[in-house]
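Trainee: mind looking at a prediction? Sequence and model below.
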Amino acid sequence: NAGVTQTPKFQVLKTGQSMTLQCAQDMNHEYMSWYRQDPGMGLRLIHYSVGAGITDQGEVPNGYNVSRSTTEDFPLRLLSAAPSQTSVYFCASSTLDSSGGYNEQFFGPGTRLTVL
Amino acid sequence: AQRVTQPEKLLSVFKGAPVELKCNYSYSGSPELFWYVQYSRQRLQLLLRHISRESIKGFTADLNKGETSFHLKKPFAQEEDSAMYYCALIVGATNKLIFGTGTLLAVQP
């Protein structure tokens, strides 16, 4: 199993450009999520999904869109990049406990994004 | 509001010294807390969860509901423990994790 994969590893954008960060997992996990990691602020949840066709907002969703057309993929779209979106982005996935309990989240290697 | 606080950005200790990484939380429901670790050039990974009451790599953490704390402890630090440590709180039944700001543990030889 490759686990959780993310592409690209690094990206530089100009203000106003759009792009998609890719995330895929091969563990048949129902739950997938996107975080951004900023110095002094830890990891903050952007969007998450509990299954194909179902997405919801996290703490910091503004400026980002997601979709979940398949169980495996959960792309994150930046509609019009801004310098404030310079960050390291992490994708994570997990199974979902049918009783609502928590299962360990597995993280991808991250994408380092710089917006000029 | 739900919140996880890690007051120390950096904790530097010598090899063999005891380690305590502090974590406090704010949550109105029944808390479920975790410690995640990120070693240099590696992915973020789960270290331990309070509900398991286990010791991983010599680390333990006890949930203290009275003090709303979940401090991570190890009696004798090793150089390979050097990493970024994040305390996290699960919110609701949707697997949403709220992370603290992290503490960088540096173990000196």
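Mentor: Cool, got the structure. Numbers count the residues shown, from 1 in each chain, chains lettered A, B, ... in the order given.
Trainee: when you work out contacts or count neighbours from here on, use the C-alpha atoms and nothing else.
Mentor: Fine.
Trainee: tell me the spacing between B:K74 and B:G66.
Mentor: When distance is defined by CA to CA, to the nearest Å, B:K74 is 22 Å away from B:G66.
Trainee: ok, and the closest non-adjacent residue to the residue nearest the centre of chain A?
Mentor: Taking CA atoms, centre = their mean, the centroid of chain A lies closest to A:W34, which sits 2.5 Å from it. Once flanking residues are discounted, A:W34 sits nearest to A:C91: 4.6 Å by CA to CA, 6 or more residues apart in numbering or on different chains.
Trainee: for the helix or strand hosting the one you found, what does the pLDDT average out to?
Mentor: For A:C91, the enclosing helix or strand under DSSP states H and E is strand A:87-94. Across strand A:87-94, pLDDT averages out at 96.
Trainee: identify the residues contacting A:S67.
Mentor: Contact partners of A:S67, counting by CA atoms under 8 Å, 6 or more residues apart in numbering or on different chains, are A:G53, A:I54, A:T55, A:F74, A:P75, A:L76.
Trainee: can you name the residues bridging to the last one?
Mentor: Just to be clear, that refers to A:L76. With beta bridges defined as DSSP bridges, A:L76 has these partners: A:L21, A:V66.
Trainee: and it, what is it in contact with?
Mentor: If you count contacts by CA under 8 Å, 6+ apart, A:L76 has them with A:T20, A:L21, A:Q22, A:C23, A:W34, A:Y64, A:N65, A:V66, A:S67.
Trainee: quick one, which of these are buried?
Mentor: With neighbours counted by 16 or more other CA atoms under 10 Å in any protein chain shown, the contacts of A:L76 contain buried members at A:L21, A:Q22, A:C23, A:W34, A:Y64, A:N65, A:V66, A:S67.
Trainee: and of these, the nearest to chain B?
Mentor: Using CA to the nearest CA, A:W34 comes nearest to chain B of those, at 10.6 Å.
Trainee: beta partners for the closest one?
Mentor: A:W34 has the following beta-bridge partners by DSSP bridges: A:H47, A:C91.
Trainee: residues near the residue in chain A that chain B sits nearest to, how many?
Mentor: Taking CA to the nearest CA as the measure, chain A has A:G42 as its residue closest to chain B, at 3.7 Å. In terms of burial, A:G42 registers 19 neighbours under the definition other CA atoms under 10 Å in any protein chain shown.
Trainee: bridged to it, which residues?
Mentor: Note on A:G42: beta-bridge partners A:D38, judged by DSSP bridges.
Trainee: tell me how far it lies from A:Y35.
Mentor: Noted for A:G42: a distance of 10 Å to A:Y35, by CA to CA.
Trainee: what do you get for B:F70?
Mentor: Noted for B:F70: a distance of 23 Å to A:Y35, by CA to CA.
Trainee: go on, A:T20?
Mentor: Taking CA to CA, one finds A:T20 at 14 Å from A:Y35.
Trainee: which one is B:E54 nearest to, not counting chain neighbours?
Mentor: B:T60 (6.7 Å).
Trainee: who has more neighbours out of B:K74 and B:G66?
Mentor: Between B:K74 and B:G66, counted using other CA under 10 Å, the more crowded position is B:K74 (20 against 6).
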